[in-house]
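> give the three-dimensional model of this entry:
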Amino acid sequence: MALTKNKIVERVNDLGFTKKKSVDIVESLLEIIKDSLEKGEDVLVSGFGKFCVKNKSTRRGRNPATGADLTLDARKVVTFKCSGKLRERINR
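Coordinates of the predicted model:
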């Protein structure tokens, strides 16, 4: 089962914040991360990992339904690399 934004809000709420304050905290944090990534900045959370924006160049592709060749446009993607501490914790 996935950890959803609502579940994160509930966990923050369990720390003693009101429901509205918990929603505001989570929304603000996510908005800060989105704004930084939109500017092309990396987001490094010590002990957790690093979010990076990578440029993908134009490349050849294929329509899986028809098999027809096509060109995929250049685009940006967000990648995540977990920290060594997180990797160790997961693999315990």
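> report the longest helix in this structure, please.
Scanning the chain for the helix with the most residues, using DSSP state H, yields helix 19-38.
> tell me which strands the helix or strand just after that one pairs with, and in which orientation.
Sequence order places strand 43-45 as the next helix or strand after helix 19-38, per DSSP states H and E. Here strand 43-45 has these sheet partners by DSSP bridges: strand 49-56 (antiparallel).
> buried residues in the partner strand, which are they?
The neighbour-count check on strand 49-56 (16 or more other C-beta atoms under 10 Å) flags 49, 51-53 as buried. The C-beta positions use only the backbone N, C-alpha and C, and glycine is treated the same way.
> which member of these is positioned nearest Ile32?
Phe51 (11.6 Å; C-beta to C-beta).
> tell me the predicted confidence for the residue nearest to that closest one when sequence neighbours are not counted.
Taking C-beta to C-beta, 6 or more residues apart in numbering, and ignoring the residues beside it in sequence, Phe51 has Val43 as its nearest neighbour in space, at 4.2 Å. Here the pLDDT value assigned to Val43 is 97.
> and the contacts of stretch 6-13?
With C-beta atoms under 8 Å, 6 or more residues apart in numbering as the test, stretch 6-13 has contacts from 19, 22-23, 25-26.
> let me see the mean pLDDT of it.
Regarding stretch 6-13, the rounded mean pLDDT is 96.
> one step back: distance between the longest helix of the chain and the chain's centre?
Offset of helix 19-38 from its chain centre (C-alpha atoms, centre = their mean, to the nearest Å): 12 Å.
> in it, what counts as buried?
Along helix 19-38, the positions that meet the burial threshold by neighbour count (16+ other C-beta under 10 Å) are 22-23, 25-26, 37.
> now for those: which two are most distant?
The two members of the buried residues of helix 19-38 with the most space between them (C-beta to C-beta) are Ser22 and Leu37, at 23.2 Å.
> compute the inter-axis angle for the helix or strand where Asn6 lies and helix 19-38.
Taking DSSP H and E as the definition, Asn6 sits inside helix 5-13. Interaxial angle of helix 5-13 relative to helix 19-38 (axes from the mean of the first three to the mean of the last three C-alpha atoms, to 10 degrees): 120 degrees.
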